[in-house]
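Asker: Just a sequence and a predicted model for now, questions to come.
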Amino acid sequence: MRGPAVAAVVVLLAVLCPGSPAAHATADGPTLTLSQDTAKLGDHIGVTGSGFPIGAQLQVEICGTGGSSNSCAIAAAVDATADVHGGFHQSLPVVEPPTPCPCTVHAASYAGTAAGPVDTPISIPGLRYLPPAAPAVAVAGTAQLTDATAVPDSPFLTQLGADGSARVTLTFADLGGGPAPDPGVTLTLSRGGAQVGRYPVVWTGGALAPGGRRSLVYELSLPGGWFRDYEIGVALGPTAEGVTVRTLSAAVRPWGEVLAPLVLFCGLGCLFGARRRGTAVPEPFPASPGIPSPAPEPENATAETPETVENGPS
């Protein structure tokens with residue numbers, strides 16, 4: 001009965017005494033409790049197990065990093081057998097494991113009733129320790145431009161020389177990393193190699209989720225006038241200048257300015273033709289059938305009066 005009594009005392013001290021190490025195991029599974037969580041080489045520490053299958057034969061040892069038997073001090077391992085309460089208590093010498101720390105006290109079954117391995121951390125000053133892992137740094141995603149289009153969206157008055165417009169649609173995608181912030185989108189308008197305007201695009205919807213896509217639509221004004229070709233540049237970058245990653249074409253085509261003179265010319269031609277037809281001499285109406293037409297009188301005819309010749313007596 002000495003073993004269970006000692007185990008109960010150790011467990012009680014581990015719970016009540018401040019600074020005693022906590023047990024390490026899964027819920028409702030085997031646990032290991034150490035008499036001290038920091039020990040020097042050559043010391044002996046008390047290892048108390050609980051929750052193991054009855055009769056499980058266990059090997060208790062100190063292990064370094066690696067997670068295999070090659071990382072454990074097998075030569076200094078001690079054996080333990082779980083009692084009818086599933087517990088045990090053993091004294092374990094503190095030695096250096098084959099691999100660097102951080103180190104653990106490891107208990108695993110090798111015979112009897114099978115039991116899952118259990119580890120509890122222990123600090124051993126003076127041994128080799130692996131450098132601490134660098135904290136994970138969140139990698140920001142990048143909103144990449146995957147598609148860009150410019151479609152004329154001009155009103156009717158543009159056909160008569162008024163200002164036009166183009167509907168620019170930009171599609172972005174976050175292809176990796178974390179959420180992608182505003183990439184800084186600016187549209188530039190150029191004509192004949194000279195830039196005539198810059199238009200920043202508002203990034204809506206917040207950061208773009210990894211794997212997500214987003215389309216931005218912007219109405220870009222095109223100065224009117226005679227036939228004009230423009231280039232729309234899509235610049236990305238944190239500054240106003242940015243880097244132009246795509247160039248789109250747009251144009252103002254006031255076909256109405258060509259058709260209007262032609263329509264006016266045709267209208268004037270019809271008007272002059274109508275006036276000429278209005279001044280022509282109308283032809284006489286044809287005679288009705290059955291009624292003889294009067295004989296035309298000869299031109300320059302003069303009325304002659306027959307002379308009366310009086311014959312006198314001879």
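Answerer: Received the coordinates, thanks.
Asker: Tell me how the protein divides into domains.
Answerer: Here the domain parsing of the chain from automatic domain parsing is 2-122, 143-256.
Asker: Helices of this structure, start to end?
Answerer: Taking DSSP state H, the helices of the chain run over residues 2-16, 256-278.
Asker: shaky segments in the stretch 1-150 of the chain?
Answerer: Confidence mapping of the stretch 1-150 of the chain against pLDDT under 70 gives the ranges 1-28, 136.
Asker: one more time with 90
Answerer: The stretch 1-150 of the chain contains residues with pLDDT under 90 at 1-29, 65-70, 109-117, 128, 130-142, 144, 150.
Asker: now swap in the stretch 201-314 of the chain and tell me
Answerer: The model of the stretch 201-314 of the chain has pLDDT under 90 over residues 201-202, 204-206, 209-212, 219-230, 237-314.
Asker: Try it again at 70.
Answerer: Using pLDDT under 70, the stretch 201-314 of the chain drops low at 224-227, 240, 252-265, 273-314.
Asker: what's near enough to touch residue 141?
Answerer: Neighbouring residues of residue 141 by C-beta atoms under 8 Å, 6 or more residues apart in numbering: 174, 175, 176, 177, 178, 179, 180, 207, 208, 210. For the C-beta atoms, the positions are set from N, CA and C on the backbone; glycine is no exception.
Asker: could the domains of the chain be laid out in CSV, adding mean neighbour count and distance to residue 272?
Answerer: Shown next, in CSV, are the domains of the chain (neighbours: other C-beta atoms under 10 Å; distance: least, C-beta to C-beta, whole Å):
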stretch, mean neighbour count, distance to residue 272
domain 2-122, 17, 104
domain 143-256, 16, 24
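Asker: Tell me which of those lies nearest to residue 133.
Answerer: domain 2-122 (10.8 Å; C-beta to C-beta).
Asker: Residue 89 against residue 47, yeah?
Answerer: Yes. Residue 89 lies in contact with residue 47 (C-beta atoms under 8 Å); the separation is 7.1 Å.
Asker: Show me the common contact partners of those two, please.
Answerer: Joint contacts of residue 89 and residue 47 (C-beta under 8 Å, 6+ apart) are residue 80.
Asker: any idea how far residue 117 is from residue 50?
Answerer: Distance, residue 117 to residue 50, using C-beta to C-beta, to the nearest Å: 15 Å.
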